[in-house]
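Novice: quick one: sequence plus predicted model below, questions after.
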Amino acid sequence: MTQDADIVIAGGGLNGPALALALAGAGFKVVVVDARPAPARAEAGFDGRAYALAIASKRLLTVIGVWGRVADKAQPILQIKASDGLAGMGASPFFLTFDHAEIEEGPMGFMLEDRYLYAAFLEAMRASSVRLMSGETVVGQEVSAEGVAVTLASGRVLRARLLVGCDGRGSGVATRAGIARVGWGYGQTALVTAIAHERDHRGIAHQFFMPSGPLAILPLKGGHHSSIVWSETEAAAAAAAIQALPDAEYLEALRPRFGDFLGEITLAGARFTYPLSLSLAERFVGPRVALVGDAAHGVHPIAGQGLNLGLRDVGALAEVLADAARRGEDIGALTVLEGYQRWRRFDATALALGMDAVNRVFSNDNPILRLGRDLGLGIVGATPWLRRRFIRQAAGLTGAVPKLLEGKAL
């Protein structure tokens, strides 16, 4: 088979470009197929959509040449405060504070707007050997002993040794490979927007657990803007009704939940919604196919770990493929790809189910569960070694960490 690339990546969101840059840095010839026109997203104005990047994710972005392009736009996360309570009634007496001073690595993470991160990926790909095909979609794949033939919507066929699905929860790559999914909805919708506030957030992220779902208040660069992810029940169409409100009434619904600790608040960005669910691929690999990010595991945003999980996939897959190439092995062979699956499947599934459990325990008003979770917050808050363990885990510093997430080249 005459090959157009070593690896074709379906999906140009964030995980796809990250994997492409990591693989290109290891000497692979890579093509990224992105259904969207590349410049449109990179040139978007402020809308408040942002990501919480763990320390380990920052290290990977540094190695692949992205972090230096966005470092001045990132907001360090210096504290995380978690509390339980009711809208309009404030938090319970039990709360939990994580402080960056409890670990040696510096800030626990960084908040970075989507528009900056994607633009940095685009610039880095243009400066690399990665070939980006924008406005194209993968519609077919045919696996053989020699490689995989990837058919695009335009009719063009790309031939490679491996196809990687970075194409989200509804992954066409996974479906065509016969990889089934398991999962369920949470009966919640995330309402996402940006808020301007009177007082400086001081680099503190807040997670307020309410019976209808958690509210995350995430600090953005500059001190007086935050991104919010407001999970609201779909029962009686509550979330849809809130989203349909005019801006002034939307704010009135938000204020009792947000509180007044940052002073007066106003809307500062567009408003988005998306349904919340758990979605896990039954396998992460198949013959000449691998899944990364949401294509492998879609999780609840309760801890902001979605992108970080995907970047751990990126680091692991890139390392497995680079090592296999050095040994002279076929990078698309199932025996090689199963090494990636063994590395990532348990960790990703455990975290996904852990977040599922946290959401179920906190998103209700059962008095017994409320007492139990409040005591749990109090115990963790009063136990320094346990707090430190949680911080290091959220920062991506525990477990079998891929080289790229340690800040090392492949």
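Specialist: Yep, it's here.
Novice: what residues are up against Thr62?
Specialist: Going by C-beta atoms under 8 Å, 6 or more residues apart in numbering, Thr62 touches Gly68, Gly407. Glycine gets a C-beta too; all of them are placed from N, C-alpha and C.
Novice: try the one 3 residues further on
Specialist: Gly65 sits next to Leu21, Gly25, Ala124, Ala127, Ser128 when contact means C-beta under 8 Å, 6+ apart.
Novice: quick one, helices of the chain?
Specialist: 15-25, 38-42, 55-63, 67-70, 114-126, 172-176, 238-243, 247-258, 306-326, 334-362, 367-381, 384-394 (DSSP state H).
Novice: closest one to Gln141 among those helices?
Specialist: Ranking the helices of the chain by proximity to Gln141 (C-beta to C-beta) places helix 172-176 first, at 5.2 Å.
Novice: show me what that closest one packs onto, helices and strands only.
Specialist: strand 138-143, strand 162-165, strand 289-291 (3 or more C-beta pairs under 8 Å, 6 or more residues apart in numbering; DSSP states H and E).
Novice: quick one: which of those is nearest Leu117?
Specialist: So among these, strand 162-165 is nearest, using C-beta to C-beta, at 19.7 Å.
Novice: that older thread, would a markdown table of the helices and strands packed on helix 172-176 with distance to Ala71, mean neighbour count and mean pLDDT be doable?
Specialist: Listed next are the helices and strands packed on helix 172-176 as a markdown table, based on distance: least, C-beta to C-beta, whole Å; neighbours: other C-beta atoms under 10 Å; pLDDT from 0 to 100:
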| stretch | distance to Ala71 | mean neighbour count | mean pLDDT |
| --- | --- | --- | --- |
| strand 138-143 | 33 | 17 | 97 |
| strand 162-165 | 28 | 29 | 98 |
| strand 289-291 | 30 | 28 | 98 |
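Novice: which one of those lies closest to Gln3?
Specialist: strand 162-165 (10.3 Å).
Novice: tell me which strands and helices the closest one is in contact with?
Specialist: Using 3+ C-beta pairs under 8 Å, 6+ apart, strand 162-165 sits against strand 7-10, strand 148-152, helix 172-176, strand 289-291.
Novice: winner for burial among the helices of the chain?
Specialist: helix 15-25 (a mean of 28; mean count of other C-beta atoms under 10 Å).
Novice: what's the angle from that one to helix 114-126?
Specialist: Helix 15-25 and helix 114-126 meet at an angle of 30 degrees, taking axes from the mean of the first three to the mean of the last three C-alpha atoms, to 10 degrees as the criterion.
Novice: contacting residues around helix 15-25?
Specialist: 6-7, 9-10, 30, 32, 34, 60-61, 63-66, 118, 121-122, 124-125, 128-130, 132, 164, 166, 292-294, 307, 310-311, 313-315, 317-318, 321-322, 404, 409-410.
Novice: repeat the analysis, applying 6 Å as the threshold.
Specialist: 7, 9, 30, 32, 64, 121, 124-125, 128-130, 166, 292-293, 310, 314, 318, 404 (C-beta atoms under 6 Å, 6 or more residues apart in numbering).
Novice: ok so, going back, for the helices and strands packed on strand 162-165, could you give me a markdown table that also reports distance to Asp114?
Specialist: Converted to a markdown table, the helices and strands packed on strand 162-165 look like this (distance: least, C-beta to C-beta, whole Å):
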| stretch | distance to Asp114 |
| --- | --- |
| strand 7-10 | 19 |
| strand 148-152 | 26 |
| helix 172-176 | 23 |
| strand 289-291 | 22 |
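Novice: of all the ones you listed, which one comes closest to Lys221?
Specialist: Nearest to Lys221, of the helices and strands packed on strand 162-165 and by C-beta to C-beta, is strand 7-10 at 29.6 Å.
Novice: quick one: the residue lying closest to Thr266 once chain neighbours are set aside and Glu105, what's the gap?
Specialist: Leaving out its chain neighbours, the residue that sits closest to Thr266 by C-beta to C-beta, 6 or more residues apart in numbering is Ala196, at 4.9 Å. According to C-beta to C-beta, to the nearest Å, Ala196 stands 31 Å off from Glu105.
Novice: repeat for Lys58
Specialist: Taken as C-beta to C-beta, the span from Lys58 to Glu105 is 10 Å.
Novice: same check on Ala290?
Specialist: For Ala290 relative to Glu105 (C-beta to C-beta), the value is 30 Å.
Novice: likewise for Glu249?
Specialist: Taking C-beta to C-beta, one finds Glu249 at 43 Å from Glu105.
Novice: next: Leu14.
Specialist: To Glu105, Leu14 is 23 Å away according to C-beta to C-beta.
Novice: who has more neighbours out of those two?
Specialist: Neighbours were counted for Leu14 and for Glu105 using other C-beta atoms under 10 Å; Leu14 has more, 21 against 14.
Novice: and that one, its phi and psi?
Specialist: phi -130, psi -50 (degrees, to the nearest 10).
Novice: for this protein, what helix or strand is lowest in average pLDDT?
Specialist: Using mean pLDDT, DSSP states H and E, helix 367-381 stands out as the lowest-scoring helix or strand of the chain, at a mean of 61.
Novice: what is the nearest of the contacts of Gly65 to Ser277?
Specialist: Leu21 (29.5 Å).
Novice: neighbours around the residue nearest to Arg388 when sequence neighbours are not counted, how many?
Specialist: Spatial nearest neighbour of Arg388, excluding adjacent residues (C-beta to C-beta, 6+ apart): Glu102 at 5.2 Å. Glu102 sits with 15 neighbouring residues when counted by other C-beta under 10 Å.
Novice: what comes up buried for stretch 198-208?
Specialist: Across stretch 198-208, burial judged by 16 or more other C-beta atoms under 10 Å covers His201, Gly203, Ile204, Ala205, His206, Gln207, Phe208.
Novice: OK, contacts around the third one?
Specialist: If I follow you right, that is Ile204. Applying C-beta under 6 Å, 6+ apart, the residues contacting Ile204 are Gln79.
Novice: what's the distance between it and Gly213?
Specialist: 21 Å.
Novice: so in terms of bridging, what pairs with Leu152?
Specialist: Counting by DSSP bridges, Leu152 forms beta bridges with Val138.
Novice: touching, it and Gly135? I think so.
Specialist: No: using C-beta atoms under 6 Å, Leu152 is not in contact with Gly135, being 10.1 Å away.
Novice: of these two, which one has the most company?
Specialist: Leu152 (17 against 13).
Novice: can you point me to the longest strand in this protein?
Specialist: strand 181-197 (DSSP state E).
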